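what's the 3D shape of this:
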Amino acid sequence: MKKKFTAFIIAAVLCLACVPLFAGCSAKTVYTLKEDEAGNKYYVASFSGFPSGLKGELVIPEERDGIPVTEIATEGFAGTSITSVTIPKSVTKIGAAAFAYNYSLQKVTFDEGCVITEISQGLFGYCNSLKEISMPSTVEKIGPMAFINCTGLDSVSLSENVTLIGAQAFAGCTALTEITLPQKLITIGEQAFYTSGLTGIVIPDSVKDVETEVLDENGQPKLDDKGNKVMKTTYGIGMGAFHTCTDMKYAVVGKRVQTLRSGAFGYCPAMEKLYLPKSVEGIEGIYVEDGKVIYKHAFHHNGALTEVYYEGTEEEWQALLKKVNNDTVKVKGDSEQYDNSALFNAHINYGQAGLPE
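A predicted model of the protein is given here:
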């Protein structure tokens, strides 16, 4: 369920390009000439040789011999020792994990005019020397694990056009204490900020649950036994999205969120204040898959929560509480018990339009 890529796998792939390891083989940037369906030629940038042999600044040119460099290969520079990279405006696609496991990478520069639309899966994963990142305004999607375990990352400037933050995108970013989410954001993926250093979060009103049709093997809408279309819900806030953000003191949930999924704010023991809109219709308990506990309750172990600011009336709050999964569960082999009791024990402020200063 949880996608992971490891240093071992990437290192194994990269080492195939450098057989004489013990001879101290060097590394160099290579450009592979390709041609699209329309007959247009372009270069794809990557490296060959022993990963640690590629060091210092990496400046990718816009073109070579009059032919544009438009792509950076999947795992193209993963595991190298570069300290900085400059990506030209000619690049329109960057492959998954292209700069992953670059422990010395400190600076990433996107040239003005860069038009990439996605920070791909695992792109900067485990780049623990990277302290800040500013994305081109054209970026619409932050892929899964894009910045996973970037432990030094303390400043992120998201494109205002980002609509999706993928699963585990900023998980393990322990130095990241604050982030401004864009007003076009729709989806915050599963474990997107898991164990990050966030001290608070404001989720914009654009975040919402989205239903889409499930397609069959022929690309047609899949129907159930009664002839109804089978629908899939992508939740605005994924399971465990802010789980184990142990320094988080407050959270403001956007006014279009309907469901707070299992583990969404679980084990945020410093959370004192919570703003909930009246759009929330359900707050989940423990989530089990194939007999295994994957996530615990949405607000488990949030003992510091003393104030809930609820947009609706007392009657609406009481109606919501009836839908909150507050079943106390003791996980087998675990001495602790889990529930959503933090919501039931907090003082409720009704008709509150936003979190007070």
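
can you give me the helices in the stretch 1-150 of the chain?
Applying DSSP state H, counting those that start in this stretch to the stretch 1-150 of the chain gives helices spanning 7-15.

Over to the stretch 201-350 of the chain?
Counting by DSSP H, counting those that start in this stretch, the helices of the stretch 201-350 of the chain are 314-321, 341-345.

so where's the stretch 1-150 of the chain uncertain?
Applying pLDDT under 70 to the stretch 1-150 of the chain flags the ranges 1-25.

hey, which of the helices of the stretch 201-350 of the chain is tucked in deepest?
Ranked by mean neighbour count, the helices of the stretch 201-350 of the chain are led by helix 341-345 with a mean of 19 (mean count of other Cβ atoms under 10 Å). Yep, even glycine has a C-beta here, placed from its N, CA and C like the rest.

Show me the contact partners of that one.
I283, F299, H300, H301, N302, G303, L305, V308, L321, V324, N326, T328 (Cβ atoms under 8 Å, 6 or more residues apart in numbering).

so how far is the first residue of stretch 62-75 from its last?
Stretch 62-75 has an end-to-end distance of 20 Å (Cα to Cα, to the nearest Å).

Please state the offset of that stretch from the chain centre?
27 Å (Cα atoms, centre = their mean, to the nearest Å).

Give the buried residues for that stretch.
Of all the residues in stretch 62-75, those buried under the rule 16 or more other Cβ atoms under 10 Å are P68, V69, T70, E71, I72, A73, T74, E75.

is the closest residue to the third one other than its chain neighbours in a bridge, and if so with what?
In space, not counting the residues next to it along the chain, T70 is nearest to Y42; the distance is 4.4 Å by Cβ to Cβ, 6 or more residues apart in numbering. For Y42, the residues forming beta bridges with it (DSSP bridges) are K34.

how near is Y42 to V329?
55 Å (Cβ to Cβ, to the nearest Å).

Equivalent analysis for H300, please.
From H300 over to V329 (counting by Cβ to Cβ), the distance is 9 Å.

Compare neighbour counts for these two and give me the winner.
With neighbours defined as other Cβ atoms under 10 Å, H300 and V329 compare such that H300 has more, 25 against 18.

buried stuff in stretch 219-232?
When burial is assessed from 16+ other Cβ under 10 Å, stretch 219-232 yields no buried residues.

What lies in contact with that stretch?
Applying Cβ under 8 Å, 6+ apart, the contact partners of stretch 219-232 are E211, T212, E213, V214, L215, D216.

Tally up the residues packed near the first one, please.
Right, the one you point to is E211. Per other Cβ under 10 Å, the neighbour tally for E211 reads 9.

And it, what's its pLDDT?
E211 carries a pLDDT value of 91.

ok, now which ones touch it?
M231, K232, T233, T234.

I'd like the residues you listed laid out as TSV, including pLDDT and distance to L54.
Below are those laid out as TSV (pLDDT from 0 to 100; distance: Cβ to Cβ, whole Å):
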residue	pLDDT	distance to L54
M231	89	47
K232	90	42
T233	91	44
T234	93	39
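
my guess is V329 meets K296, correct?
Yes - applying Cβ atoms under 8 Å, one finds V329 in contact with K296, separated by 7.5 Å.

shared neighbours of the two, which are they?
Common neighbours of V329 and K296 (Cβ under 8 Å, 6+ apart) are G285, I286, Y338.

Would you confirm that the first one contacts V293?
No - under the contact definition of Cβ under 8 Å, G285 does not touch V293, with a separation of 10.9 Å.

Between those two, which has more neighbouring residues?
Neighbours per residue, other Cβ under 10 Å: of G285 and V293, the larger number sits with G285, 22 against 16.

pLDDT wise, what is the spatially closest residue to E132 that is not a sequence neighbour at?
Sequence neighbours aside, S155 is the residue nearest to E132 in space, at 3.8 Å (criterion: Cβ to Cβ, 6+ apart). pLDDT, S155: 97.

for S155, what are its contacts?
K131, E132, I133.

who's in contact with the last one?
Contacts here follow Cβ under 8 Å, 6+ apart; on that basis I133 touches V108, F124, F147, L153, S155, V156, S157.

residue boundaries of the strands in the stretch 1-150 of the chain?
Listed in chain order, the strands of the stretch 1-150 of the chain (DSSP state E, counting those that start in this stretch) span 27-35, 41-49, 55-59, 63-64, 67-72, 81-87, 93-94, 107-110, 118-119, 132-134, 141-142.

Reformat the ones you listed as TSV; add distance to I203.
Output for these, formatted as TSV (distance: least, Cβ to Cβ, whole Å):
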stretch	distance to I203
strand 27-35	41
strand 41-49	37
strand 55-59	36
strand 63-64	42
strand 67-72	32
strand 81-87	30
strand 93-94	28
strand 107-110	26
strand 118-119	20
strand 132-134	21
strand 141-142	15
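
out of the ones you listed, deepest packed?
Buried most deeply of the strands of the stretch 1-150 of the chain, by mean count of other Cβ under 10 Å, is strand 141-142, with a mean of 24.

What is it packed up against?
strand 118-119, strand 164-165 (3 or more Cβ pairs under 8 Å, 6 or more residues apart in numbering; DSSP states H and E).

Run the chain-centre distance for the first one.
Right, strand 118-119. Its chain's C-alpha centre and that of strand 118-119 lie 11 Å apart, by Cα atoms, centre = their mean.

Fine, thanks again, bye for now.
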